[in-house]
Every structure is written in C-alpha cells, then in structure tokens.
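>>> Next one to model:
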Amino acid sequence: MTSSTDVREFVVNQRNGVKGLVDSLKLTTLPSPYIQPPRERLSSDNILSSSSQVPVIDVSNWNDPQVASEICHAAAKFGLFQIVNHGIAPVELKALVAAARGFYQLPVEERSRYWKGSSVSETAWLTTSFNPYKESVLEWRDYIKFEFLPQRDGFDATWPPVCKEQVTDHFKRMKPIANNILTILMNNLNSTIDETSKQTLMGTLRMNFNYYPECPEPSLAIGTGRHSDINTLTLLLQEDGVLRSLYARATEDGEKWIHVPPIPGAIVVNIGDVLQIMSNDRYRSVEHCVLVNKSCSRVSIPVFCEPVHDSVIQPLSEVLANNEMARYRKVVYSDYLRGFFERPHDGKATIESVKL
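Residues are numbered from 1 along each chain as shown. Reported below is the predicted structural model:
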C-alpha cells in the first residue's frame, strides 16, 4: 500500500477499517490520508494543565437540591460533567468495555458483515472515521453504532453475539439516568417532561463502540475531530487507564482545551446542541475532540439521547416567556441531523447554521 488511494481503498471501500490497516501492516509512520492539517491538531500549548475544571458530581441522591444545582451549573458553564455513584456497578461497566473490545477482536470478515450500507442488521452498522466519503483527511477511528428499539420485536436479533447482551443491558441502565438528568435540566427552565416532550428529548437512543487503534504518529492524527454533539444529551463511558484522550474546549470563544480524565466508574455527560437551542443558550453544548495514543488502543462507549426524527427543535416557550428573543430558528431534527453528517467534523458549524 504505497499511495493515499490504496490506503483509502483498503480502509473504506474494502471495509477493513483503520483497525484492519493497523493489524495488516507494521506502521512506523502515519499514512498520508490521516495526516491532519496543523489547525486541526491539538497542541500542548492550547491544553490547560489542570483538569480540575471538569465537575465531578455525586448523584447517589437524585432528589438532593444540591445535586440539581451542580448539574445545572455545570450544564450552563462547562457543557459537560462527570457523574459518580449513579447506581451502575463497576463490574457491569467493565463487562461492557470487554464486550466492545471483543467485537473489535473478531476477524475482519466477521466485523465487515456490519459495514454501513450492507449490514446484516437494520439497527447496527460499522464504519470508519466520521464521514469517510466526504472527508479530505480521515480520523483514526472505527465505530459500530447500535439503535435501541425495544418496541420492535427482534430489533437486536442480528447484533453481534459477542456484545449483544451487554449492549442491550447498558441501554436499559442508562435510560433512567438520562431521564433523571433531563428532568433536572428541564425543571430549571420551568418546563416539565411529558410524553410528547420526552419524544423530543430522548425518543431515540443510540450507542457507539468507538475504537481508536494505537497510532504511529499520534501528534499528526486525530481520533475524533472537534465537534459538539448535535443530540440532546450524551452519556459516555471512557475506558479506564488511558489518559490524554478526551479534551473539551474550556470556554465557548477561547482556544484553550481541558483534559477530561477517565475516572473509574464515572460517566461523562455532554450537553448537546438540542439542549442549547431549547434553552436559548442557558445550557452550552461543548465542543470536544479525541486524541490517539502510540502505545495502546482505546475504546469509548457513548449513549446518545436524541429526538425522534420529525421533532421540531426550537427555544422553549417557557424560556421566552418574558419577551426574550429567540436566538435560533426552528428546525426539524432530521434536517439538522442530515446537515451534521453531510460535512466533516467542523466545531459547532451545525448549530451556527440555525442561529438567528
């Protein structure tokens, strides 16, 4: 594999993914399709030395007013926080990480059965990078996405047996946690969650198994490019022990980034664009990115709470009650989703596109 075209053909069109590339070759340099332009690399000059800015919130008592206050403050100021004592046993989280690694340890022929566009499952598909057919430079990542549709019989029947049970169980465990967080955030906006608004806030649940292989020249690559999540809320499990991976922009308009360290048993909570729009900027969707490592691979497992596709997203009437001007135009979520996935990762360009 000597040319950029050969690498793309092998990774994307032949459905080997970047893991297949790493497994097939003893790479000592980064293949050219993965070399990011300098503006997209995260240099040490832009990284704050302390990660203490990322709030860690004990949610052992969801009814404690202090818990609600800390969650709302973090959602407004940082756009992300970590929760501990959420009720999911560490052994269950470790089993999920092991299941994710188990999937990527399958032979490439077995993994490729789930490749996007021809997957054996309607609710699970695998791809590489972010949008490999639109990106001029690829991200150093493969991911399989699962969609949770418990109302449909057999929705998970063709999921990979190596991880099917763990994925289904994790969806079930995360759903009430997401509901608790969203209830707190909506109450703070003088709004309540009913069956209709629940469909807008978390009517769709999806999960990724992200896989970042070891990288020969990590300073030139990016695992996931800088972006904000476009959904409502993301609940992320980081693999223990792999540091210097996840980074978040420290302030909305600054160039400094903070490290979001893996804490054993913790869940990272990201505010998404939908909440920023609905709150009319009271909450902040956080721009973040993922770096890669030379000496080890890494998995991460986000659960995405999203609106159903035909939901109309706009600032809540409750936040506009005192003649406050709406800062965003209304948009159908399926259109917003399409706009996000039709371009490479590009910071917060999607939410900027619906600003008034």
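
>>> now the longest helix anywhere in the chain, how far from the chain's geometric center?
The helix spanning the most residues in the chain, taking DSSP state H as the definition, is helix 164-187. Centre-to-centre, helix 164-187 and its host chain are 15 Å apart (CA atoms, centre = their mean, to the nearest Å).

>>> And stretch 19-29, by the same measure?
Going by CA atoms, centre = their mean, the spacing between the C-alpha centre of stretch 19-29 and its chain's C-alpha centre is 25 Å.

>>> With stretch 56-63 instead?
Per CA atoms, centre = their mean, the displacement of stretch 56-63 from the mean C-alpha position of its chain is 22 Å.

>>> Alpha carbons only: can I get it in CSV?
What follows is stretch 56-63, C-alpha atoms only, in CSV (Å, rounded to 0.1, in the frame of the first residue of the first chain):
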residue,chain,number,x,y,z
VAL,A,56,-17.5,15.5,39.2
ILE,A,57,-21.0,15.2,40.7
ASP,A,58,-22.1,12.6,43.2
VAL,A,59,-25.7,11.6,42.1
SER,A,60,-26.3,9.0,44.8
ASN,A,61,-29.4,11.0,45.8
TRP,A,62,-31.1,12.4,42.7
ASN,A,63,-33.6,14.3,44.9
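
>>> what pLDDT, on average, does it get?
The pLDDT scores in stretch 56-63 average 97.

>>> hang on, isn't Leu126 packed against Lys116?
Yes. Taking contact to mean CB atoms under 8 Å, the distance of 6.4 Å between Leu126 and Lys116 places them in contact. Just so you know, the C-beta spots here come from the backbone N, C-alpha and C atoms, and that holds for glycine as well.

>>> Mind listing what's buried along stretch 311-331?
Ser311, Ile313, Gln314, Pro315, Leu316, Val319, Arg327, Tyr328, Val331 (16 or more other CB atoms under 10 Å).

>>> Please render those residues as JSON lines that adds secondary structure, distance to Asn131 and pLDDT to the earlier fields.
Output for those, formatted as JSON lines (DSSP: H, G, I helix; E, B strand; the rest coil; distance: CB to CB, whole Å; pLDDT from 0 to 100):
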{"residue": "Ser311", "secondary structure": "coil", "distance to Asn131": "23", "pLDDT": "95"}
{"residue": "Ile313", "secondary structure": "strand", "distance to Asn131": "22", "pLDDT": "97"}
{"residue": "Gln314", "secondary structure": "coil", "distance to Asn131": "27", "pLDDT": "97"}
{"residue": "Pro315", "secondary structure": "coil", "distance to Asn131": "29", "pLDDT": "97"}
{"residue": "Leu316", "secondary structure": "coil", "distance to Asn131": "31", "pLDDT": "96"}
{"residue": "Val319", "secondary structure": "coil", "distance to Asn131": "33", "pLDDT": "95"}
{"residue": "Arg327", "secondary structure": "coil", "distance to Asn131": "28", "pLDDT": "97"}
{"residue": "Tyr328", "secondary structure": "strand", "distance to Asn131": "24", "pLDDT": "98"}
{"residue": "Val331", "secondary structure": "strand", "distance to Asn131": "20", "pLDDT": "97"}
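
>>> which one of the residues you listed is nearest Met186?
Proximity of the buried residues of stretch 311-331 to Met186 (CB to CB) peaks at Leu316, which lies at 8.4 Å.

>>> Check the gap between the closest one and Gly203 for me.
Using CB to CB, to the nearest Å, one gets 17 Å for the distance from Leu316 to Gly203.
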